[in-house]
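1. Here is a sequence together with a model predicted from it:
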Amino acid sequence: MIHEMANMTREQVADVAAEALAVFPTASMEQHGPHLPICTDTALALEVIDRALKKVRPPRPIVVLPPLHFGSSHHHLSYAGVLSLTSDTYMRAVRDICEGLITQGFSRILMVNGHGGNTAPNAVVQHDLDVKYDVKVLAFPYWDLDMEGLKGVVPEGFGSIPGHAGDFETSLMLSALPEHVSHNLSDIIRLIEDSAAEVGGSPRFGIGSPAGVRHLGFTDDTRHASAEIGNDLLDKAASALAGLIETEFAA
């Protein structure tokens, strides 16, 4: 049985907590270039979880938490459209939420992460909870569960996985939420050309502005992105997540 925690009563949560797996999505609200919305990381984490739960044969009840929309994204603060928590604040928030689950009787927690900046903080929280409590906590970015499988469905020259607002995330969004993708790719081409002309060479792909150098805010130019590739990537990630749930949380 799969439950959305936000729609459960306190009695319903109490009834299943001891046996259930709590799935906790972590993500961010941050800029994703000129063509993707700031909710991209959150939307894609939820899409992978939703597809996984349609594939999984749950060994126990699964309770899906509302996502933590805000992540550790200070490296994006030179752009508009960024709502970020410091690393310390983010880790305290994740730890507090997990400890709230443990207090209610949950002993199995899976953090499914959609933002690269959360990966290290989530790992620290996982370690701390493992040491402090007799619980099983796992934390993974959704793309890490079957990286070789993801690489196997993309064409030669495809951008980095996961990248940022490049081929990978643009393909996923074209599959999951195409109505939220700007199809005016001339904005991206213009930015790339202007960046290359400014330095007389390769465009400044990347995030952040070290030493006053402004990068483009995305990692590659999306020329290989497509909804078909995005669907294959989402299914690969979802299958890997379903397999993890079935194997790691069977006992």
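-> Happy to help now that I have it.
2. How are the helices of the stretch 101-250 of the chain distributed by residue range?
-> 119-132, 147-151, 167-176, 186-199, 227-248 (DSSP state H, counting those that start in this stretch).
3. buried set for the shortest one?
-> The reference is to helix 147-151. Within helix 147-151, the residues scored as buried using 16 or more other C-beta atoms under 10 Å are L150. Yep, even glycine has a C-beta here, placed from its N, CA and C like the rest.
4. Export it to CSV, keeping only CA atoms.
-> Extracted C-alpha coordinates of helix 147-151, given in CSV (Å, rounded to 0.1, in the frame of the first residue of the first chain):
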residue,chain,number,x,y,z
MET,A,147,24.4,5.6,-14.0
GLU,A,148,25.5,3.0,-16.5
GLY,A,149,21.9,2.3,-17.5
LEU,A,150,21.3,6.0,-18.0
LYS,A,151,24.4,6.4,-20.2
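5. now this structure, which segments are flagged as low pLDDT?
-> Applying pLDDT under 70 to the chain flags residues 76-77, 184-206, 208-214, 216.
6. Distance from the chain centre to stretch 51-58, please.
-> The chain centroid and the centroid of stretch 51-58 are separated by 18 Å under C-alpha atoms, centre = their mean, to the nearest Å.
7. Among the helices of the stretch 101-250 of the chain, which comes closest to V82?
-> Relative to V82, the nearest member of the helices of the stretch 101-250 of the chain by C-beta to C-beta is helix 167-176, separated by 15.8 Å.
8. Next, the contact list for I109, please.
-> By C-beta atoms under 8 Å, 6 or more residues apart in numbering, the contact set of I109 is 21-22, 24, 98, 101-102, 129, 135-138.
9. Just these: which are in strands?
-> Of those, the ones assigned to strands by DSSP state E are 21-22, 24, 136-138.
10. leaving aside the residues next to it on the chain, what's closest to G157?
-> Using C-beta to C-beta, 6 or more residues apart in numbering and skipping the chain neighbours, the partner closest in space to G157 is H224 (6.1 Å).
11. just L177 next, same as before
-> Leaving aside its chain neighbours, L177 sits nearest to A43 (5.8 Å; criterion: C-beta to C-beta, 6+ apart).
12. I'd like the next helix or strand past whichever strand or helix holds the one you found.
-> Assigned by DSSP states H and E, A43 belongs to helix 40-55. Where DSSP H and E defines the elements, the next helix or strand beyond helix 40-55 is strand 62-64.
13. which residues are in contact with that following strand?
-> By C-beta under 8 Å, 6+ apart, strand 62-64 touches 1-5, 8, 13, 16-17, 20-23, 25, 49, 53, 56, 106, 245.
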